[in-house]
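K.L.:
Generate coordinates for the sequence data below:
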Amino acid sequence: MIRVVIVDDHEVVRVGLASLLRDTVDFVVDAMAGSAAEAIAAVGRHRPDVVILDIRLPDRSGLDIVPELRRIAPATKIVVLTSYGEDHAMVAAAATGVDAFLTKTVDSEKLCSAIRAVAEGRQVLRDQVADALLRYVRNGEAGMRPETLTQALTPREVEVARAVALGLSNREVAERLALAEKTVKNHVSDILDKLGLSRRAQIVALFSGGGLAQSGVSRLDTI
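P.N.:
As a prediction, this is how the structure comes out:
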């Protein structure tokens, strides 16, 4: 059985989701919460397999409490279910470390499938976020804030990403930044994971689009 905590500021949504999941044989709803404070308490008390989390809550943003939920229940997976389907919302959610991002227009079968997938440890978010990042590069969306793109990266990882975007090999990046080649390889792997990307070429596309790889201040810092 997959144990779930539902977090949403609208009672009708909470009750509707609970009814849906309780009618499905492999889910148990441990608790429902209507605020960030209630969510933190419920997750701390129940340590569920999955939290279904809305972004807009009356006391704090749902994304703001993701690190706290991770601290108190490291094994709990987090599925964001929100009315906001914009690319910047998806990337911001990914940067906090959530496991899936769905809008409230999703059908019940897809929602249940996503919950099952993250509960089993499968990746749900990667392709969605990669697509969102590349749409940003192509379209230059004004709503995409720099912190949503790079807040998950360390300063060294940003340096490595910019060097990769120049077309340098791992060995060349290592020489440029005075690092071991293996260290660069590890940084590239971490960048892919943190930004929800799957290929080195996507780092190039993100950090070179519109001059993001130029020396000095990146365009990410000026949007």
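
K.L.:
switch to C-alpha atoms for all contacts and neighbour counts from now on
P.N.:
OK.

K.L.:
Following the chain past the worst-scoring helix or strand of the chain on mean pLDDT, name the next helix or strand.
P.N.:
Every helix and strand in the chain was compared by mean pLDDT, DSSP states H and E; the lowest is helix 146-150, with a mean of 53. Using DSSP states H and E, the helix or strand that follows helix 146-150 in sequence is helix 155-165.

K.L.:
any idea how far G16 is from K104?
P.N.:
12 Å (Cα to Cα, to the nearest Å).

K.L.:
who has more neighbours, the two?
P.N.:
It is K104, of K104 and G16, that has more neighbours when counted by other Cα atoms under 10 Å, with 15 against 11.

K.L.:
thought the more buried one was touching V80?
P.N.:
No - assessed by Cα atoms under 8 Å, K104 is found out of contact with V80, at 9.7 Å.

K.L.:
Name the helix or strand for the residue in the chain sticking out farthest from the centre, please.
P.N.:
The C-alpha centroid of the chain is most remote from E175, which lies 31.8 Å away (Cα atoms, centre = their mean). Taking DSSP H and E as the definition, one finds E175 inside helix 170-177.

K.L.:
Can you list the helices and strands that that helix packs against?
P.N.:
Contacts defined by 3 or more Cα pairs under 8 Å, 6 or more residues apart in numbering; DSSP states H and E place helix 170-177 against helix 155-165, helix 181-194.

K.L.:
out of these, nearest to A95?
P.N.:
helix 181-194 (6.8 Å; Cα to Cα).

K.L.:
need the helices for this structure, in chain order.
P.N.:
11-22, 36-46, 66-72, 87-96, 108-119, 126-139, 146-150, 155-165, 170-177, 181-194, 200-208 (DSSP state H).

K.L.:
Would you mind finding the most buried of the ones you listed?
P.N.:
Greatest average neighbour count among the helices of the chain goes to helix 87-96 (a mean of 22), per mean count of other Cα atoms under 10 Å.

K.L.:
relative to helix 181-194, how tilted is that helix?
P.N.:
130 degrees (axes from the mean of the first three to the mean of the last three Cα atoms, to 10 degrees).

K.L.:
Give the other helices and strands that helix 87-96 contacts.
P.N.:
helix 126-139, helix 146-150.

K.L.:
Quick check: the gap between L197 and D107.
P.N.:
26 Å.

K.L.:
Which pLDDT value goes with the residue most central in space within the chain?
P.N.:
Centrality entry for the chain: nearest residue to the mean C-alpha point is A94, 1.1 Å, by Cα atoms, centre = their mean. At A94, the predicted lDDT confidence score is 75.

K.L.:
Would you check that it makes contact with L195?
P.N.:
Yes - using Cα under 8 Å, A94 is in contact with L195, at 7.2 Å.
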